[in-house]
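Asker: Make a model of this:
(one chain, ligands or ions: 1)
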Amino acid sequence: MDVLPTSESADPVVRVEHLAKRFRRRDGSTVDAIDDVSFDVQAGDLVVLLGPSGCGKTTLLRSIAGLETPDDGVISFGDRVQFSPAEGINVPPERRGVSMVFQSYALWPHMTAFRNVAYPLESRGPGRRNKAETAKRVRRALGLVGIPELEQQYAAQMSGGQQQRVALARALVSNDALVLFDEPLSNVDAKVREQLRVELLSLQRELGFAAIFVTHDQSEAMQLGTRIAVLNKGRIVQLASPLEVYTKPANQYVAKFVGTMNEVLGTVTATKGETAEVKTDLGVLTGRIGGGVDIGDHVAAMWRPESATLSTDEPVAANRLAGRVKASLFLGAATEQVITVDGREVRVQVPGAAVLPGGSDVWIEISEADLLVLPAEDA
Ligand SMILES: Nc1ncnc2c1ncn2[C@@H]1O[C@H](COP(=O)(O)OP(=O)(O)OP(=O)(O)O)[C@@H](O)[C@H]1O
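Answerer: Okay, here's the model as predicted:
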């Protein structure tokens, strides 16, 4: 992108407005892969597109890159429209000036790391840069991703993690204001993935490019995103900071998709300000209203395993459940207690090593502030 929006500029790096893409399947049925999606990406933002398989993440990312042609809507980079069928505009991918990192690395196997990284500079602006300038930028990019020593190695002779570092260097070498990531870490093993995540994050914050990152891994989304867009069936159902998505999920779908939630369904019997009383199979529970709910509504009472506490004596709190330890799972930094309450499994996470004997009687306490009451969607 050669016209970069400055921090004073009113234009976001990316603006997506009312984007729609419908696919026709071979059996004749249709699917709304993107259904009226609008969002902005600001300078320095790392927006994660998060959702289960088939929710439209890749189609949305590819549409922004220009690799997919939507049916309707507008895509702009800075003050330049890239796609707008109403205006007859559809800028081809190579002229959009964005870099992309793919799950499959997409390197030239028989080219060296150096040549792979130099490729965008040479193909986008032949003759514009001299060899020395190209070499300087390629070496800087390989240095940034921590593999300067692999410069002359062929891509086919590298580990998956090393190949993804080359792909990352290739995405950074053009200094584009926007980099798109399509599940780039899902092919590398867990340890390397952790490492690359940290490095990617620090590079993005240091170099300041805006990024859109597709993943179906909610913990990856929480770690990387300045904001998370949670998708469901082609729609953005919540776009907010990781903290807000975790603590104030917009609906039951988001609450269940991001992190672990305990859930009991019930009916609202009373409301008072921001709190609601819910009659459930486990007794009456009181919690804060997290969405439009009224007396008589069918709702889900939800809470995180780490926000409940365990005790052997009956607590005085309103939200208390008597249960029996089914299993204690030691996780290292914490222990997850699986408690049976009236035939249901409830999870409570306590810090440190706290393995309890199976069959012990315990009380679970949940504060009103930690219990979320949301409309039940799948009733
Ligand atoms: N070329 C195509 N033809 C027909 N249907 C398609 C095509 N590409 C995608 N779809 C459908 O569009 C929907 C969204 O697909 P998309 O690949 O964007 O989802 P996703 O969230 O990226 O999934 P995953 O995480 O599995 O990659 C799915 O129902 C998919 O079957």
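
Asker: and stretch 35-43, how far from the chain's centre?
Answerer: Relative to the mean C-alpha coordinate of its chain, stretch 35-43 is positioned 14 Å out (CA atoms, centre = their mean, to the nearest Å).

Asker: Run through who's touching that stretch.
Answerer: 5-7, 12-20, 47, 56, 60, 73, 177-178, 208, 210-212, 229, 233-236, 239 (CB atoms under 8 Å, 6 or more residues apart in numbering). No exception for glycine: its C-beta is placed from N, CA and C like everyone else's.

Asker: Quick check: buried residues in it?
Answerer: Using 16 or more other CB atoms under 10 Å as the test for burial, stretch 35-43 gives 35, 37, 39-43.

Asker: Now flag whichever of those residues is closest to the ligand.
Answerer: Each of those was scored against the ligand by CB to the nearest ligand atom, and residue 35 proved nearest at 10.3 Å.

Asker: what does the stretch 51-200 of the chain put close to the ligand?
Answerer: 51, 53-59 (CB under 6 Å from any ligand atom).

Asker: should've said the stretch 251-379 of the chain
Answerer: By CB under 6 Å from any ligand atom, no residue of the stretch 251-379 of the chain approaches the ligand.

Asker: separation between the residue of the stretch 251-379 of the chain found nearest the ligand and residue 157?
Answerer: Nearest residue of the stretch 251-379 of the chain to the ligand, counting by CB to the nearest ligand atom: residue 257, 12.4 Å away. To residue 157, residue 257 is 39 Å away according to CB to CB, to the nearest Å.

Asker: Quick check: which ranges of the stretch 101-250 of the chain have low pLDDT?
Answerer: 125-129 (pLDDT under 70).

Asker: Next, please give the residue ranges for the helices of it.
Answerer: Listed in chain order, the helices of the stretch 101-250 of the chain (DSSP state H, counting those that start in this stretch) span 113-124, 131-144, 160-172, 190-207, 218-224, 242-247.

Asker: Residues contacting the fourth one, please?
Answerer: What that stands for is helix 190-207. Contacts of helix 190-207 (CB under 8 Å, 6+ apart): 44, 46, 144-146, 159-161, 164-165, 168, 172, 179, 184-186, 188, 211, 220, 223-224.

Asker: go on, the third one?
Answerer: Where contact means CB under 8 Å, 6+ apart, the residues beyond helix 160-172 that reach it are 99-102, 105-107, 113, 116-117, 119-120, 138, 141-142, 144-147, 150, 153, 155, 158, 179, 184-185, 187-189, 192, 195-196, 200, 203, 207, 209.

Asker: can you give me phi and psi for residue 297?
Answerer: Per-residue torsions, residue 297: phi -70, psi 150 (degrees, to the nearest 10).

Asker: Hmm, residue 374 and it touching each other?
Answerer: No. Shown here, residue 297 and residue 374 do not form a contact pair, counting by CB atoms under 8 Å, at 10.0 Å.

Asker: Locate residue 253 within the secondary structure: which element?
Answerer: Here residue 253 sits within helix 252-257, counting by DSSP states H and E.

Asker: can you pull the contacts of the residue of the stretch 201-350 of the chain found nearest the ligand?
Answerer: Nearest residue of the stretch 201-350 of the chain to the ligand (CB to the nearest ligand atom) works out as residue 216 at 5.0 Å. Contacts for residue 216 (CB under 8 Å, 6+ apart) come out as 50-53, 57, 183.

Asker: cool, residue 250 as well?
Answerer: Contacts of residue 250 (CB under 8 Å, 6+ apart): 230, 237-238, 240, 291.

Asker: By neighbour count, which of those wins?
Answerer: residue 230 (25 neighbours; other CB atoms under 10 Å).
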